[in-house]
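only geometry, no sequence info:
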Ligand code: HEC
Ligand code: HEC
Ligand code: HEC
Ligand code: HEC
Ligand code: HEC
Ligand code: HEC
Ligand code: HEC
Ligand code: HEC
């Protein structure tokens, strides 16, 4: 039985005993046992961290055993790992099942009331039961968000030009290298930190003195986090602990935290789109936790997840899209321009791709992509088709084709505008009025960064996700054109200044 087809009578009872529903109904249905180890954890933790225990009780993990889940097919929420250890199959997934997995692999394992516990439960741990989701996620740029930024010698200059402390001394402005702690409090909140164990601390607790590991880069739920067992990423970026819920991950708010902008404005664009308006007006009537998720029955406009990740069926039961945790697999273009849009990269770790100008960027300064670093025409076609398959549940082909034609046009338009700005910056570097040593730290360079990072990106995102307001006067085309004019004017000033300076030197 799908969760959707609960008998009407049950729904009426739920309405009457609504306040009892979250815990009562699901437990009664399953009566699934909790392991002895987890009962011991809960014995203390319902007092030390009652909030954690309450969220866990609401989760599917507290109500379904791996054995029960392995009997369902994938579209109905079944487990994608078939080799869950037999000793774990017969009881629900409690505290001990997650926090004591793979103890040897974890440098954060500590002795805790007779158990070998670790704090940071990682994708590798989740893979014990959710292997397919983990493999897909590990292949995506999200899992590489730390290394794509901090392993790229050009981007670390961008990091420094934002986070490095500025000093004004004897009439000169300098900018230092940022401290780890500053990066962790800024870029790495979303990209993910490197979590390392730096010792042990002895603490007094309500239940006596205990030892705990001391972690740096923690707490953090960035998508590309480097974990103490060597794995990358954090599933809690979208499935917040300890409810680990599908309905949360399907809500646009799950993505808002990181995709809001001004550099990455997907969420803002969505909120001013028709789709966003429909979500706002109607989502209380939608079935956000339903598996499988049926367009036209459970929802009638898409959220971020619908287009980018979800398994979606039509009302006849036909599969329109299969679920994926590889967020690049439905994208043919990377519209987030660095500085230009380009076909998606072949591999998610792009930190060592170098362009003709010697910069670690995947596009050359003229806008062409670096050879062999991006996917080819056939693969692009396949991915675009995957994205369009969901649209067709609610739109006709001509509507969808018209949309993508507009997207391609606006991508191209924004790229040509960026090229004008980039040509002026390359000229400034060549004539020596600006220095390419750090391409992002001088005033004229910061104008250039804004032109592509904020404004050209907004134009492209607005076209991709149909939120026009954000792409024109609010944050797009107007500011892009204005910034390019500013670059021109400032270039004039720098060149006049240099001419005067040379004049002075000659007349001496
Ligand atoms: C005797 C009581 C007791 C038992 C049993 C117990 N815990 Fe704890 N646990 C605590 C206390 C107290 C803390 C400290 C809370 C604080 O820092 O305020 C704690 C902290 C933790 C932390 C956080 C550590 C940190 O530094 O961030 C984790 C994770 C944890 N426990 C998991 C478990 C798991 C899993 C089990 C069962 C296998 C378990 N605990 C069993 C009492 C207990
Ligand atoms: C970028 C956000 C995001 C991240 C990060 C993420 N997920 Fe998900 N996850 C989703 C969405 C959205 C869905 C719902 C998919 C659907 O509608 O079919 C989902 C669904 C699931 C499901 C439910 C599948 C089922 O059959 O019931 C599992 C299990 C899951 N994710 C595990 C993971 C694991 C493990 C990780 C870490 C490797 C992870 N997720 C990381 C967004 C995310
Ligand atoms: C499905 C696996 C899973 C289960 C079950 C689980 N946890 Fe966790 N727990 C996690 C993950 C993942 C994190 C780390 C969150 C992150 O990466 O952002 C975490 C973090 C924690 C922390 C540290 C967070 C903080 O705010 O201090 C404590 C304490 C904890 N869990 C206790 C528990 C207790 C108690 C239970 C049982 C009621 C439990 N966990 C059940 C996966 C699990
Ligand atoms: C010991 C096995 C096991 C481990 C380890 C485990 N899970 Fe699960 N997970 C399950 C089972 C069983 C279900 C219930 C599936 C069903 O019946 O729909 C589930 C369901 C889920 C769902 C879907 C919830 C919903 O609302 O439908 C998500 C998301 C999820 N798990 C994420 C995680 C993440 C993230 C981790 C690691 C931090 C993790 N799980 C670790 C067994 C496990
Ligand atoms: C914790 C922050 C965070 C959350 C939450 C998050 N993302 Fe992301 N996402 C990122 C980062 C960072 C990247 C880029 C990584 C890189 O390029 O190395 C990314 C990349 C992506 C990409 C890939 C872009 C490409 O061109 O390949 C898509 C699509 C995406 N996210 C969609 C989503 C959706 C949908 C959600 C919500 C369900 C979501 N994200 C939630 C941080 C996040
Ligand atoms: C609020 C969350 C957030 C913060 C904070 C953040 N980023 Fe990002 N970053 C993202 C997202 C989301 C993406 C993916 C954008 C996309 O593909 O649409 C991304 C992608 C990137 C990329 C592209 C990586 C690649 O794959 O080539 C670079 C470079 C980058 N960010 C630089 C930075 C720098 C520098 C900082 C700090 C000064 C920073 N980011 C802070 C969310 C964030
Ligand atoms: C109607 C479907 C749809 C919805 C809803 C949607 N997107 Fe998109 N998204 C797209 C399309 C189409 C593209 C561009 C695909 C391409 O060019 O290959 C895109 C591109 C992206 C990118 C890629 C940027 C890059 O680096 O190339 C990210 C990140 C993203 N969307 C995140 C989100 C988030 C977050 C939400 C919700 C707030 C969302 N999307 C809602 C269809 C959608
Ligand atoms: C679950 C149904 C559903 C899906 C899936 C869906 N849409 Fe829509 N979309 C709608 C509805 C309903 C409207 C509102 C139509 C109107 O203007 O009256 C809409 C509106 C639009 C608009 C008009 C925006 C405007 O401001 O005028 C565009 C463009 C669009 N969708 C493109 C897409 C694309 C492209 C996809 C797939 C990537 C997609 N949609 C997927 C239901 C959906």
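Thanks, I have it. Bear in mind that the values here come from a model prediction, so they are computed numbers and not experimental data. Ligands and ions are numbered 1, 2, ... in the order given.

So which residues on the stretch 1-150 of the chain come close to ligand 1?
With the criterion set to C-beta under 6 Å from any ligand atom, the stretch 1-150 of the chain comes near ligand 1 through 37, 40-41, 44-45, 48, 95-96, 99-100, 112-113, 115, 117, 119. All C-beta spots, glycine's among them, are computed from the backbone N, C-alpha and C.

Ligand 3 next: which of those are close?
Among those, the residues that sit close to ligand 3 (C-beta under 6 Å from any ligand atom) are 41, 45, 95, 99, 119.

burial of the second one, as a residue count?
Counted with other C-beta atoms under 10 Å, residues neighbouring residue 45 total 17.

Run through the residues that contact it.
When contacts are counted by C-beta atoms under 8 Å, 6 or more residues apart in numbering, residue 45 is found next to 52, 53, 95.

Now flag whichever of these is closest to ligand 6.
Proximity of the contacts of residue 45 to ligand 6 was ranked by C-beta to the nearest ligand atom; the top entry is residue 52 with 25.3 Å.

From residue 205, how far out is that closest one?
15 Å (C-beta to C-beta, to the nearest Å).

Looking at the two now, which is surrounded by more residues?
Under the neighbour definition other C-beta under 10 Å, residue 52 and residue 205 were set side by side, and residue 52 has more, 16 against 10.

Check which helix or strand the more buried one maps to.
For residue 52, the host element (DSSP states H and E) is helix 50-58.

Show me which positions of that helix end up buried.
52, 53, 55, 56, 57, 58 (16 or more other C-beta atoms under 10 Å).

Could you check which residue of the stretch 51-200 of the chain lies nearest ligand 1?
Residue nearest to ligand 1 within the stretch 51-200 of the chain (C-beta to the nearest ligand atom): residue 99, separated by 3.5 Å.

residues in contact with that residue?
With C-beta under 8 Å, 6+ apart as the criterion, the residues that contact residue 99 are 41, 115, 117, 118, 119, 121.

same thing but 7 Å
Under the criterion of C-beta atoms under 7 Å, 6 or more residues apart in numbering, the contact list for residue 99 reads 117, 118, 121.

Quick check on these: which are buried?
So, by 16+ other C-beta under 10 Å, the buried ones in the contacts of residue 99 are 117, 118, 121.

Please list the members of those that lie in strands.
Among those, DSSP state E puts residue 117 in strands.

Return the closest of the buried ones among the contacts of residue 99 with respect to residue 287.
Using C-beta to C-beta, residue 121 is the member of the buried ones among the contacts of residue 99 that sits closest to residue 287, with 28.5 Å.

doesn't residue 98 make contact with that closest one?
Yes: distance between residue 121 and residue 98: 4.8 Å, which falls inside the contact criterion (C-beta atoms under 7 Å).

Once you drop chain neighbours, what's closest to the closest residue to ligand 7 within the stretch 51-200 of the chain?
Ligand 7 sits closest to residue 141 of the stretch 51-200 of the chain, with a gap of 8.0 Å, by C-beta to the nearest ligand atom. Leaving out its chain neighbours, the residue that sits closest to residue 141 by C-beta to C-beta, 6 or more residues apart in numbering is residue 348, at 4.5 Å.

ok, that neighbour - contacts?
For residue 348, the contact set (C-beta under 7 Å, 6+ apart) comprises 139, 140, 141, 143, 144.

and ligand 4, which of the buried ones among the contacts of residue 99 contact it?
By C-beta under 6 Å from any ligand atom, the members of those lying near ligand 4 are residue 121.

and residue 294, how many neighbours does it have?
Burial of residue 294 is recorded as 20 neighbouring residues (other C-beta under 10 Å).

and it, that one's in a strand?
Yes: for residue 294, which was evaluated using DSSP: H, G, I helix; E, B strand; the rest coil, the result is membership in a strand.

so where is the stretch 401-508 of the chain shaky, pLDDT-wise?
Segments of the stretch 401-508 of the chain classed as low confidence (criterion: pLDDT under 70) are 508.

Please enumerate the strands of it.
If DSSP state E, counting those that start in this stretch is used as the criterion, the stretch 401-508 of the chain turns out to lack strands entirely.

Those residues of it touching ligand 8, which are they?
The interface of the stretch 401-508 of the chain toward ligand 8, taken as C-beta under 6 Å from any ligand atom, is made up of 403, 466.

about what we covered before: save the ones next to ligand 3 among the residues of the stretch 1-150 of the chain next to ligand 1 as a markdown table, and put in secondary structure and pLDDT too.
Below are those laid out as a markdown table (DSSP: H, G, I helix; E, B strand; the rest coil; pLDDT from 0 to 100):
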| residue | secondary structure | pLDDT |
| --- | --- | --- |
| 41 | helix | 98 |
| 45 | helix | 98 |
| 95 | helix | 98 |
| 99 | helix | 98 |
| 119 | coil | 97 |
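
and of the residues you listed, the nearest to ligand 4?
Each of these was scored against ligand 4 by C-beta to the nearest ligand atom, and residue 99 proved nearest at 9.7 Å.

Tell me which residue in the stretch 101-250 of the chain sits closest to ligand 8.
With C-beta to the nearest ligand atom as the measure, residue 250 is the residue of the stretch 101-250 of the chain nearest to ligand 8, at 12.3 Å.

Any figure for the gap between that residue and ligand 4?
For residue 250, the distance to ligand 4 equals 9 Å [C-beta to the nearest ligand atom, to the nearest Å].

so what pLDDT did that residue get?
Predicted confidence (pLDDT) at residue 250: the value is 98.

neighbours of it, just the number please.
For residue 250, the tally of surrounding residues (other C-beta under 10 Å) stands at 24.

Which helix or strand contains the closest residue to it other than its chain neighbours?
For residue 250, the nearest residue in space outside its immediate sequence neighbours is residue 305; the separation is 4.3 Å by C-beta to C-beta, 6+ apart. Assignment of secondary structure by DSSP H and E places residue 305 within helix 304-308.

tell me what whatever helix or strand comes next after that helix is packed against?
Downstream of helix 304-308, the first helix or strand assigned by DSSP H and E is strand 312-313. Counting contacts by 3 or more C-beta pairs under 7 Å, 6 or more residues apart in numbering; DSSP states H and E, the secondary-structure elements packed against strand 312-313 are strand 293-294, strand 319-321.

Residue 272 against residue 469, yeah?
Yes: in this structure, residue 272 sits in contact with residue 469. The criterion is C-beta under 7 Å, and the distance is 4.5 Å.

Settle it for me: which of the two has more neighbours?
For the pair residue 272 and residue 469, the greater number of neighbours falls to residue 272 (18 against 15), based on other C-beta under 10 Å.

Would you check how far apart the more buried one and ligand 3 are?
Here residue 272 is placed at a distance of 31 Å from ligand 3 (C-beta to the nearest ligand atom).

next one: residue 486
Relative to ligand 3, residue 486 is positioned 41 Å away (C-beta to the nearest ligand atom).

Apart from its neighbours in sequence, what residue is nearest that residue?
Leaving aside its sequence neighbours, residue 486 is closest to residue 447 (5.2 Å, by C-beta to C-beta, 6+ apart).

So which bits of the longest helix seen in the chain are buried?
Among the segments of the chain that qualify as a helix by DSSP state H, the longest is helix 397-431. For helix 397-431, the buried set under the neighbour-count rule, 16+ other C-beta under 10 Å, comprises 400, 403-404, 407, 410-411, 413-415, 417-419, 421-422, 424-426, 428-429.

Please apply the same query to stretch 454-473.
For stretch 454-473, the neighbour count (16+ other C-beta under 10 Å) marks 454-467, 470-471 as buried.

List of residues touching it?
With C-beta under 7 Å, 6+ apart, stretch 454-473 has contacts from 262-263, 265-266, 268-270, 272-275, 335-337, 341, 403, 406-407, 410-411, 414, 417-418, 475-480, 483.

So which of the residues you listed reach ligand 6?
Among these, proximity to ligand 6 is found for residue 336 (C-beta under 6 Å from any ligand atom).
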